[in-house]
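[1] Predicted coordinates and the sequence they were generated for:
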Amino acid sequence: MASVSLSDLIKDLNLDVICKGEYDNINITTSDINRPGLQFANYFAFFAEDTSTRLQVVGMIEMVYINDLEPMVRKKRLEQYFSYPIPCVIICRDLEPSQDMIEIAIRNNQTLLKTKLITTKFINQVVNYLDNKLAPRMNLHAVLVDVYGLGILLMGESGIGKSETALELIKRGHRLVSDDVVNIKKVATDRLIGEPPESIRYFMEIRGIGIINVQAMYGVGAIINAKSVDLVVNLISWKDGLTCERLGIDEEFTSILDVAVRQITIPVKPGRNLAIIIEAAARDFRLKKLGYNAAQILNDNIIKLNETN
């Protein structure tokens, strides 16, 4: 399971440490957030079920409420709250915690943090940060290009011509995301994002030439650092007797990180301009998203013609 260390979160989000606790040994495994208003109001039902994983975020309302309680009541509530195995408490708006909150946090070896951001903005920031860091990931031997705003993942056996096809697409004004290896992460239930490994960003290997730097050769407009994976193009060698989709009525999908991605298979043989074919595939994909399916319309027209005859 992916995780983010609390020390990295503190550094990356520029949080101030009030009480250190054991943050060096704490890892965050979910982007779920808890605002402890109910707990400060003495409602702890179900609180123990997920406290060990959720960040605790205290805003203006929670802080004003707990500070307005009678000192003995406040101390009792805070003692109970900090007795749970929470990863940390983050106070927003640069609010100052009460002295008894600090003392109880220290006594329970809890981490107490602070940020200058207002509560809503901080929650948006930390959830986006954790969603990105905790997203399921995998590496694929493939090439990812941006064609007409669509992320096209070129796949196929080594030497089939993925990089050369991508280079032709770049020459035609499209953009490279990654060559040879694509880091793919699942950022939502049905959305994948592809990125290049940092070590090979902007570089391509072209057989017969070697390594080229796409940004240096074609300019910053020829590259993009990340792109959604919208369509998989599987390149296969042309063989006699090979059968491929002729009409495009039946759609094919492939699963990447449990996300179903539309896939087309293109046979490769000398004389075929793969860049033009992929451009046409991208345009056709967009039309189908808008509800226009040329193959289905042609099929319906043929059926109607046969019925009239």
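    Yes, it's here.
[2] Any regions of the stretch 51-200 of the chain where pLDDT drops low?
    52 (pLDDT under 70).
[3] now the helices for it?
    Applying DSSP state H, counting those that start in this stretch to the stretch 51-200 of the chain gives helices spanning 60-68, 71-82, 99-107, 119-134, 162-171.
[4] Name the stretch among those helices that sits most buried.
    The highest average neighbour count among these, using mean count of other C-beta atoms under 10 Å, belongs to helix 162-171 at a mean of 21. Backbone N, C-alpha and C define where each C-beta goes, glycine included.
[5] Check the closest residue to residue 254 other than its chain neighbours and give its pLDDT.
    Spatial nearest neighbour of residue 254, chain neighbours left out: residue 263 (4.4 Å); criterion: C-beta to C-beta, 6 or more residues apart in numbering. On the pLDDT scale, residue 263 is placed at 94.
[6] Tell me how many other residues surround residue 263.
    17 (other C-beta atoms under 10 Å).
[7] coming back round to it: now the helices of the stretch 51-200 of the chain in CSV, with distance to residue 277?
    Formatted as CSV, those follow (distance: least, C-beta to C-beta, whole Å):
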stretch, distance to residue 277
helix 60-68, 58
helix 71-82, 62
helix 99-107, 63
helix 119-134, 34
helix 162-171, 9
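[8] closest one to residue 257 among those?
    Of all the helices of the stretch 51-200 of the chain, helix 119-134 sits nearest to residue 257, with 13.2 Å by C-beta to C-beta.
[9] separation between residue 122 and residue 93?
    Residue 122 sits at a distance of 9 Å from residue 93 (criterion: C-beta to C-beta, to the nearest Å).
[10] got it, and residue 46?
    Here the criterion is C-beta to C-beta. By it, residue 46 lies 27 Å from residue 93.
[11] higher neighbour count, these two?
    For residue 46 versus residue 93, neighbours defined as other C-beta under 10 Å are more numerous around residue 93 (16 against 9).
[12] The longest strand seen in the chain: partners in the sheet, and parallel or antiparallel?
    Using DSSP state E, we find that the single longest strand of the chain is strand 259-268. Using DSSP bridges, strand 259-268 pairs in its sheet with strand 231-237 (parallel), strand 252-256 (antiparallel).
[13] Might you report the residue contacts of the spatially most central residue of the chain?
    Compute the mean C-alpha point of the chain, and by C-alpha atoms, centre = their mean the closest residue is residue 187, 2.9 Å away. Listed by C-beta atoms under 8 Å, 6 or more residues apart in numbering, the contact set of residue 187 reads 131, 132, 135, 193.
[14] With residue 79 instead?
    For residue 79, the contacting residues are residue 104, by C-beta under 8 Å, 6+ apart.
[15] how far away is it from residue 100?
    Where residue 100 is concerned, residue 79 sits at a distance of 9 Å (C-beta to C-beta).
[16] what do you get for residue 189?
    With the distance defined as C-beta to C-beta, residue 189 ends up 43 Å from residue 100.
[17] Show the secondary-structure elements that whichever strand or helix holds residue 278 is packed against.
    Applying DSSP states H and E as the criterion places residue 278 in helix 274-289. Helices and strands touching helix 274-289, by 3 or more C-beta pairs under 8 Å, 6 or more residues apart in numbering; DSSP states H and E, are strand 143-147, strand 150-156, helix 162-171, strand 231-237, strand 259-268.
[18] Now the following helix or strand past it: buried residues?
    Toward the C-terminus, helix 274-289 is succeeded by helix 294-308 as the next helix or strand (DSSP H and E). Neighbour counts using 16 or more other C-beta atoms under 10 Å place residue 295 of helix 294-308 among the buried residues.
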